[in-house]
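1. Got a sequence here, can you build the structure:
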Amino acid sequence: VYPKLWAITGLWMNSYFPSRFQGEITQSLLFGFTYSFAETLLSLPFSYYYHFVLEESFGFNKQTLSLWVGDMLKSQGLSLAFGIPLGAAFLKIIQKTGDQFFFYLWAFTLGVQLFAITIYPIVIVPIFNKLTPLEPGSLKDRVEALAARLKFPLGELQVIDGSKRSAHSNAYFTGLPWKKKIVLYDTLIEKSSEKEVEAILAHELGHWHMGHTTKLLGIASFHLFYVFALFSVFINNRSLYEAFGFYNEKPIMIGFILFNEVLSPTDSVVKL
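-> Sure thing, here's the model as predicted:
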């Protein structure tokens, strides 16, 4: 599939794109989004079954068919909006920085991760859900008292309308190190006592108190560096490309995809 799809996207690029926009980066982005779109289409029956058959049978599904379709279209739109510039930058860094690209790529990816953590609650969440401040009352007082006892830098306390998609309940915190936001699902408030909500939040804030989020980010960054460094050894491995039908070309994106396929079994051990 990979070599055939690569050839097809090359034909599309040559036929429909001006010459100044042609090249490996444009073809790679076309390849990536075409492959991703095909995967999305193939996953639709499984997603439909999960939400409208399996979850429905246990009374958890609350979303309508139109909301399900709308979420999918919004996700595709966000993938294009963020994927095109980030994908182009990813490939450009490898092209421009030579054999030491893995360090620059790692630094770039780390910056993107931190940027995503910052904008996710501000930009992404409101596209899919409505957030409202928690009304004054005893529950708000209990949550604020819990945050104060832990010296948690609480900036906002909000409720998310999770009930429009599912009857499952949850709570989480997000935000910058010096200003955090606690978000409670409306289903959690509806189905749980105030003491139970406080207990669930104590669990979530325990992750912050023990530094789990920072530690996991550090571990993930180290793992990413290891993957990129190993990829720099494989990127010029002609036999890897030829084994999958690429005899005359060595596209960077194809190399990274094939590398991840080969890495997958051993990476499971490293992740463990």
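2. Local confidence estimate at residue 261?
-> What the model reports for residue 261 is a pLDDT of 89.
3. element containing it, please.
-> Using DSSP states H and E, residue 261 sits in helix 252-271.
4. middle-most residue in this protein, spatially?
-> Central residue of the chain (Cα atoms, centre = their mean): residue 116, 8.8 Å from the mean position.
5. now what about the host helix or strand of that one, what contacts it?
-> Element membership of residue 116 [criterion: DSSP H and E] is helix 101-119. By Cβ atoms under 8 Å, 6 or more residues apart in numbering, the residues outside helix 101-119 that reach it are 86, 89-90, 93-94, 97, 174, 176, 217, 220-221, 224-225, 228-229, 231-232. Yep, even glycine has a C-beta here, placed from its N, CA and C like the rest.
6. what's the following helix or strand after that helix?
-> Counting by DSSP H and E, the next helix or strand C-terminal to helix 101-119 is helix 125-128.
7. what are the ranges of the helices in the stretch 51-200 of the chain?
-> Along the stretch 51-200 of the chain, the stretches classed as helices by DSSP state H, counting those that start in this stretch are 56-57, 65-97, 101-119, 125-128, 138-150, 186-191, 194-209.
8. Of all the ones you listed, which one is nearest residue 10?
-> helix 65-97 (15.4 Å; Cβ to Cβ).
9. Tell me the buried residues in stretch 159-176?
-> 159-160, 162-163, 165-167, 169, 171, 173-175 (16 or more other Cβ atoms under 10 Å).
10. between those, which is nearest residue 19?
-> When the buried residues of stretch 159-176 are ranked by distance to residue 19 (Cβ to Cβ), residue 174 comes first, at 44.4 Å.
11. My guess is residue 231 contacts residue 259. True?
-> Yes. Using Cβ atoms under 8 Å as the test, residue 231 is close enough to residue 259 to be in contact (5.2 Å).
12. quick revisit: okay, the buried residues of stretch 159-176 in a markdown table with distance to residue 148 and pLDDT next?
-> Formatted as a markdown table, the buried residues of stretch 159-176 follow (distance: Cβ to Cβ, whole Å; pLDDT from 0 to 100):
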| residue | distance to residue 148 | pLDDT |
| --- | --- | --- |
| 159 | 20 | 97 |
| 160 | 23 | 97 |
| 162 | 26 | 95 |
| 163 | 29 | 96 |
| 165 | 32 | 95 |
| 166 | 31 | 95 |
| 167 | 32 | 95 |
| 169 | 24 | 93 |
| 171 | 17 | 93 |
| 173 | 14 | 92 |
| 174 | 19 | 89 |
| 175 | 17 | 84 |
